[in-house]
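[1] Got a sequence here, can you model it:
(4 chains)
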There are 2 protein chains.
Amino acid sequence: MAASTVSYVLSGKRSISPETRDRVQEAVRVLGYRPNASARALASNRSNVLALVIPLRAGMHVPVLMQFATAVVTTARRYDHDVLLLTADEGRSGLERVSQSALVDALVVMDVELHDERVPLLRELPMPSVLIGVPADTEGLTCIDLDFFAAAEQCVDHLTDLGHHSIALLGTPSAVYARQTGFAHRTLAGFQAAAERRGVMGIETPCEPTFDAVLGTVGELLEAHPGITGLVVQNEPIIGPLLDVLRRLGRRVPEDMSLMAICADDVAERQVPQLSSVTLPADEIGQQAVEALIAKLEGHRTSAGVTLVPARLTARASTCAAPEAHSERTTA
Amino acid sequence: MAASTVSYVLSGKRSISPETRDRVQEAVRVLGYRPNASARALASNRSNVLALVIPLRAGMHVPVLMQFATAVVTTARRYDHDVLLLTADEGRSGLERVSQSALVDALVVMDVELHDERVPLLRELPMPSVLIGVPADTEGLTCIDLDFFAAAEQCVDHLTDLGHHSIALLGTPSAVYARQTGFAHRTLAGFQAAAERRGVMGIETPCEPTFDAVLGTVGELLEAHPGITGLVVQNEPIIGPLLDVLRRLGRRVPEDMSLMAICADDVAERQVPQLSSVTLPADEIGQQAVEALIAKLEGHRTSAGVTLVPARLTARASTCAAPEAHSERTTA
DNA sequence: GTGAAAGCGCTAACAA
DNA sequence: TTGTTAGCGCTTTCAC
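    Predicted coordinates:
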């Protein structure tokens, strides 16, 4: 019984007679044998580890990140890979380190900015990568993300169809826009485009995730634009406070104010009233990211490029027809 | 110039003449040389990777987990280690896999239950580990956690000192108790012990993290025990809804109802009013966990055993003297 | 203070 | 279908 035979039984890379296979498997079981990961990686030039770069920066909402991370780890395990956790604060050097030392076979990069300094590096690295998010120049990259442009459009369309003429986007904290984070920008663009296309007034404002900030932001917003009857929120942590603030301001949801969110379904359903929303399918995106990487690793000729997961809107209890009193036409 | 010389320059494991050292470092810089991680691990029997087992189970609050994870990664990097992310749903087999294949050098295990099935395994594995959390039998283990017993005691003492005689603990979701998660149990025990010691009435109830659940739980609680004037919350996601519910029920904080939380300081400070709290120093705990592991890896004779980070209470705006109207003595 | 050489435990090409 | 063998790229002992 040669060592190579064992190796081949375990990897299935060549055909083995049933008897030998069984004998090997039995021995493996009895001895509790596990191949040494480093030796295997050294010999095969594959570590079977993926790097996941998670942002730990201002304004990122943690539960969503965790949902991505979970999906990535779970999917990676399905393809017999492990996941090395990198924080974005190591920046370029972290990516260089883990790829040049061959610690990992491939990279999943989250929280991509429009002009992300890591993007040129990713093009050069001798290693496949997938971005969760879309930078300005996607040449040579594989990106996957929710179609935030369409998500915002659908929100505006839904509200406009209900007769709302004055709509606001309550966005992410301003730091996120300042960094030119892709998803926030694409949402904003979709919102503006749809408002213009539908001929309704669209106002945008960032919002920090504290109760006072929500109170202040919404207060000023409604003071400056009293005719607003529809709100689109892309900022998970403020959803709770926002509902509270609207109550305090005497605006009932949805009778006086229709509310839409771009967030995970379970978050939308947990609110009172349940929110009409465009779902942010973190599981699906994380899974697709890993599957794209695995395909690349296996040398499949994958059509690189940008994959946008279609936006799916679910109408729930937080949106209804615009109140008559406010339905005089207002144009942008 | 022998390969070994380069190795020694990089590791500093034997003295090198300044000239050779400089020459090597210059060459490394120019060529952008990085040692191959697998080869290094194979030869040295050290992967320089730690495993972090993160729970993704019912009732765990995500931002806190992320804070732990960040602290672990950041600290690990300071000691030149990387972090492999495991989810708790792989259970024992995940730990066996990464340790027996020598993928990692050591383990950080979070979300430990009182009778955790992984604990016996950790004792047997040929690899150091640190638990964040404390199981029932800590023989041979290294554990680190906040002193939740003392945390609860301090909350009760603070409220009792302010003249409150009837106090409730609004705990984690019941699934967390059902799993006998260590931190929840120790908090409960500390709450009961302190209430008894101080001769005040202590009522405990779990609470699910939805608005309706909070409304229901608190409603029933105050109906059954109208004399309650002090609340201790160990359940971060319900803090916002709870403040809202109390407002709806016409109980002002702190005039009618004093409120204490066991949570991260920034969470307490973000509320309106700012909450008196015992801090949950996830950074500190995560950092200490990694440092304990590194010490073990370096063969330091570390006093294994349980390290409880002392509870630190900060009084803020959510607690005050018990209202006169309710201050008739009530005993348990 | 430096170099030479023997592995670390696998995989994969080559032989049979 | 199986065995033999040459590395993979380092670290570390041993010799100088």
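
[2] which stretches of chain A have low pLDDT?
    Judged by pLDDT under 70, chain A has its weakly predicted residues at A:57-59, A:303, A:325-332.

[3] Domains in it, by residue range?
    With domains defined by automatic domain parsing, chain A comprises A:3-34, A:46-146+A:282-311, A:148-275+A:316-331.

[4] List just the one of these that sits closest to DNA strand C.
    domain A:3-34 (2.7 Å; C-beta to the nearest atom of the strand). In short, each C-beta sits where N, CA and C put it, glycine included.

[5] mind listing what's buried in the closest one?
    Neighbour-count burial for domain A:3-34 flags A:5-9, A:16, A:24, A:34 (criterion: 16 or more other C-beta atoms under 10 Å in any protein chain shown).

[6] Out of those, the closest to residue A:200 would be?
    Ranked by distance to residue A:200 (C-beta to C-beta), those are led by residue A:34 at 61.9 Å.

[7] And the nearest residue to that closest one once chain neighbours are set aside, how close does it get to residue B:47?
    Leaving out its chain neighbours, the residue that sits closest to residue A:34 by C-beta to C-beta, 6 or more residues apart in numbering or on different chains is residue B:100, at 4.1 Å. Separation of residue B:100 from residue B:47 (C-beta to C-beta, to the nearest Å) stands at 13 Å.

[8] and the most centrally placed residue in chain A, what does it touch?
    Centroid check for chain A by C-alpha atoms, centre = their mean gives residue A:282 as the closest residue, at 5.2 Å. Counting by C-beta atoms under 8 Å, 6 or more residues apart in numbering or on different chains, residue A:282 makes contact with A:64, A:67-68, A:71, A:264.

[9] what separates it from residue A:245, distance-wise?
    27 Å.

[10] Ok, residue A:83 next?
    Taken as C-beta to C-beta, the span from residue A:83 to residue A:245 is 39 Å.

[11] Over to residue A:11?
    From residue A:11 to residue A:245 the distance is 59 Å (C-beta to C-beta).

[12] For the nearest residue to the residue nearest to the centre of chain A once chain neighbours are set aside, list the residues it contacts.
    Nearest non-adjacent residue to residue A:282, counting by C-beta to C-beta, 6+ apart: residue A:67, 3.8 Å away. Counting by C-beta under 8 Å, 6+ apart, residue A:67 touches A:264, A:282-283, A:286.

[13] want to try a markdown table for those residues, with distance to DNA strand D as columns?
    Formatted as a markdown table, those follow (distance: C-beta to the nearest atom of the strand, whole Å):
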| residue | distance to DNA strand D |
| --- | --- |
| A:264 | 43 |
| A:282 | 37 |
| A:283 | 37 |
| A:286 | 31 |
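
[14] Tell me the secondary structure at the closest residue to DNA strand D within the stretch 101-250 of chain A.
    Going by C-beta to the nearest atom of the strand, DNA strand D is nearest to residue A:102 of the stretch 101-250 of chain A, at 7.7 Å. Following DSSP: H, G, I helix; E, B strand; the rest coil, we place residue A:102 in the coil state.

[15] Same check on residue A:137?
    Criterion first, three-state DSSP; result for residue A:137: coil.

[16] Wait, it touches residue A:122, no?
    No. Distance between residue A:137 and residue A:122: 11.5 Å, which falls outside the contact criterion (C-beta atoms under 8 Å).

[17] Same drill for the two, tell me which one is more crowded.
    residue A:122 (23 against 13; other C-beta atoms under 10 Å in any protein chain shown).

[18] For chain B, see how far away the residue lying closest to residue A:292 once chain neighbours are set aside is.
    Closest residue in space to residue A:292, ignoring its immediate chain neighbours: residue A:130 at 5.1 Å, by C-beta to C-beta, 6+ apart. For residue A:130, the distance to chain B equals 17 Å [C-beta to the nearest C-beta, to the nearest Å].

[19] can you count the residues close to residue A:130?
    Other residues within reach of residue A:130, judged by other C-beta under 10 Å, total 27.

[20] wait, what's in contact with residue A:184?
    Counted by C-beta under 8 Å, 6+ apart, residue A:184 has contacts A:148, A:171-172, A:176-177, A:234.

[21] Dump the residues you listed to JSON lines, plus neighbour count, distance to residue B:275 and secondary structure.
    Formatted as JSON lines, the contacts of residue A:184 follow (neighbours: other C-beta atoms under 10 Å in any protein chain shown; distance: C-beta to C-beta, whole Å; DSSP: H, G, I helix; E, B strand; the rest coil):
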{"residue": "A:148", "neighbour count": "27", "distance to residue B:275": "35", "secondary structure": "helix"}
{"residue": "A:171", "neighbour count": "25", "distance to residue B:275": "28", "secondary structure": "coil"}
{"residue": "A:172", "neighbour count": "26", "distance to residue B:275": "25", "secondary structure": "coil"}
{"residue": "A:176", "neighbour count": "23", "distance to residue B:275": "27", "secondary structure": "helix"}
{"residue": "A:177", "neighbour count": "16", "distance to residue B:275": "30", "secondary structure": "helix"}
{"residue": "A:234", "neighbour count": "27", "distance to residue B:275": "28", "secondary structure": "coil"}
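
[22] mind listing the strands for the stretch 101-250 of chain A?
    A:106-110, A:129-132, A:142-146, A:166-170, A:201-205, A:230-233 (DSSP state E, counting those that start in this stretch).

[23] Among those, which comes closest to residue A:118?
    Using C-beta to C-beta, the strands of the stretch 101-250 of chain A put strand A:106-110 closest to residue A:118, at 6.4 Å.

[24] Among the contacts of residue A:67, name the ones in helices.
    The members of the contacts of residue A:67 that map onto helices under DSSP state H are A:282-283, A:286.

[25] pretty sure residue A:39 is in contact with residue B:43, am I right?
    No. Taking contacts as C-beta under 8 Å, residue A:39 lies outside contact range of residue B:43: 10.1 Å.

[26] Measure how buried residue A:226 is and give me the count.
    Counted with other C-beta under 10 Å, residue A:226 comes out at 10.

[27] And residue A:82, by the same measure?
    Counted with other C-beta under 10 Å, residue A:82 comes out at 24.

[28] if I pick it, what's in contact with it?
    A:48-50, A:76, B:84-86, B:98, B:103.

[29] can you list the residues of the stretch 51-200 of chain A near chain B?
    Contact residues (C-beta under 8 Å from any C-beta of the partner chain) of the stretch 51-200 of chain A with chain B: A:52, A:56, A:62-63, A:65-66, A:69-70, A:73-74, A:77, A:82-87, A:89-90, A:96-98, A:100-103.

[30] who's the closest residue to residue A:304 other than its chain neighbours bridged to?
    Closest residue in space to residue A:304, ignoring its immediate chain neighbours: residue A:142 at 4.7 Å, by C-beta to C-beta, 6+ apart. Under DSSP bridges, the beta-bridge partners of residue A:142 are residue A:305.

[31] ok, so what distance separates residue A:142 from residue A:281?
    Separation of residue A:142 from residue A:281 (C-beta to C-beta): 18 Å.

[32] Spell out which parts of the stretch 1-150 of chain A neighbour DNA strand C.
    Residues of the stretch 1-150 of chain A lying close to DNA strand C by C-beta under 7 Å from any atom of the strand are A:2-4, A:6-8, A:10-11, A:13, A:33-36, A:39-40, A:42-44.

[33] rerun at 10 Å
    Contacts of the stretch 1-150 of chain A with DNA strand C, taken as C-beta under 10 Å from any atom of the strand, map to A:2-11, A:13-14, A:33-46, A:48.
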